[in-house]
Every structure is written in C-alpha cells, then in structure tokens.
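**Q** Build me a model from this:
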Amino acid sequence: MGLSEGKEKRIVFRIREMEIDDLAPVYHLGEMLFKADEAPNMYRTWDAYEVVGLFHSDTEFCLVAEHEDRIAGFLLGTTIIKSRSAWKYGYLIWLGVHPDVQHHGVAEKLFQKFKELMIEQGIRMLLVDTAAENLAALRFFRKQGFGHPRQHIYLTLNLQAEIQRLKKRGGNMNGAKHEKKNGTRSVASAEIGKEIGSS
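**A** Alright, predicted model coming up:
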C-alpha cells in the first residue's frame, strides 16, 4: 500500500460493512497474514470457504477498513445462541490488518464497530481466541477489555487408516457432512480446559 515510510502519517480510513466485491481482497489479505506455518491451528484454517461462508451467513458482522480505495483490514464475526440459555454470544473469528497500516488504530476501529453491532443485537458477552504465543493479539484484546483467558489443548486423530479400511469395504466416503446453520458453529474438538487466570 506504499505506506511503510510514514508511520507518523495520519491514516484516514473508513469502516463499513463488507461487500461482495471485497471477498477476493479480504481473502488475499488474510492469506498473507494467516500463514499456515505461523499459525498452525488445526481447529481453524484460513481459506476461501471460511470467508465466503461467513459473508453469506453473517454479512452484517463482516466489516472492512478501507483506505484509499483498498482494503486495509477486516473483521469477521458471528453470533452464537446456546440452547436453554437466554444469553447470546458474539464471536470475533478473524481480525486482520495490512502490515503497512498496522499500529494506526485500524484494528481498534474495526473492533469498536463490531462491539457496537453486538450491543445492538443484544449480545451480552464477546468471545475471541488466539494462539497463546500471539502476544501482540493478546495485548490488543486485553487493551479492549477482554480477560479471563483459558488454555485449550487441541488433539488430533489421524483417520487415514480408517479411510483405507472403509475403501477396502466399499464404504461411502461422502457420508460425513459438516453442518453450519445460520450464525451457529458446530465444532468437533476435544477440549481440556485449564484456567490460567485473568490478566
């Protein structure tokens, strides 16, 4: 974006709802930011389906920061409703800012707009997750008021042997389906919660 010379230069940007023409720029920016070797999260990976899926299911919670007609950052979120609970939760899933405009308040402006939208929706609690070693993200979220962090452990199960066994038996390999209803995420994970204390 040609802004690397002037971190002292005031960056003017506007926050708006994401539009269909933003899908490709947002995806490519995320591709640059969320590299698999730097964020080897088995639970969630950045891909085109993630961007398109969230845009279709939660358009109003997909925001972009625009600077000089270019996408300078984005935020993708959703809401979660638990059964037998009066609470609605807001979940900030992805937040990314182009390296050339980081430290200019883009992420904070995106988050503030997201928080406003969540309050309008009657959301009573916001959720976010990040890698434990992502200290910059942790500092940012603590600055925004997040606390009470909990540690998660992700486990893996290699299904290759099972797939081979099913193939030999002539089983249907397309029987498994991943369901995602509007605004509700279903994630199969084994979680061992270990509280590490609030910040």
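**Q** Return the set of buried residues in the longest strand belonging to the chain.
**A** Looking across the chain with DSSP state E, the single longest strand is strand 70-81. Using 16 or more other Cβ atoms under 10 Å as the test for burial, strand 70-81 gives 70-80. For every residue, glycine as well, the C-beta is placed using N, CA and C.
**Q** For the helix or strand harbouring Glu162, give the mean pLDDT please.
**A** Taking DSSP states H and E as the definition, Glu162 sits inside helix 160-169. Computed over helix 160-169, the mean pLDDT rounds to 89.
**Q** Which strands border the longest strand of the chain, and is each parallel or antiparallel?
**A** Here strand 70-81 has these sheet partners by DSSP bridges: strand 62-67 (antiparallel), strand 88-97 (antiparallel).
**Q** Can you name the residues in contact with the longest one?
**A** Contacts made with strand 88-97 from outside it, assessed by Cβ atoms under 8 Å, 6 or more residues apart in numbering, are listed as 29-30, 33-34, 44, 46, 50, 54, 61, 65, 72-82, 106-107, 110-111, 114, 118, 121-128, 185.
**Q** Need the pLDDT of Lys143.
**A** We note a pLDDT of 95 for Lys143 in this prediction.
**Q** Can you get me the start-to-end distance on stretch 10-27?
**A** For stretch 10-27, the first-to-last residue distance is 26 Å (Cα to Cα, to the nearest Å).
**Q** and what of stretch 147-164?
**A** End-to-end distance for stretch 147-164: 45 Å, by Cα to Cα.
**Q** hang on, the earlier thing: which positions within the helix holding Glu162 qualify as buried?
**A** Of the residues in helix 160-169, none count as buried by neighbour count, 16+ other Cβ under 10 Å.
**Q** Quick check: closest non-adjacent residue to Phe141.
**A** Among residues not flanking Phe141 along the chain, Val128 sits closest, at 5.7 Å (Cβ to Cβ, 6 or more residues apart in numbering).
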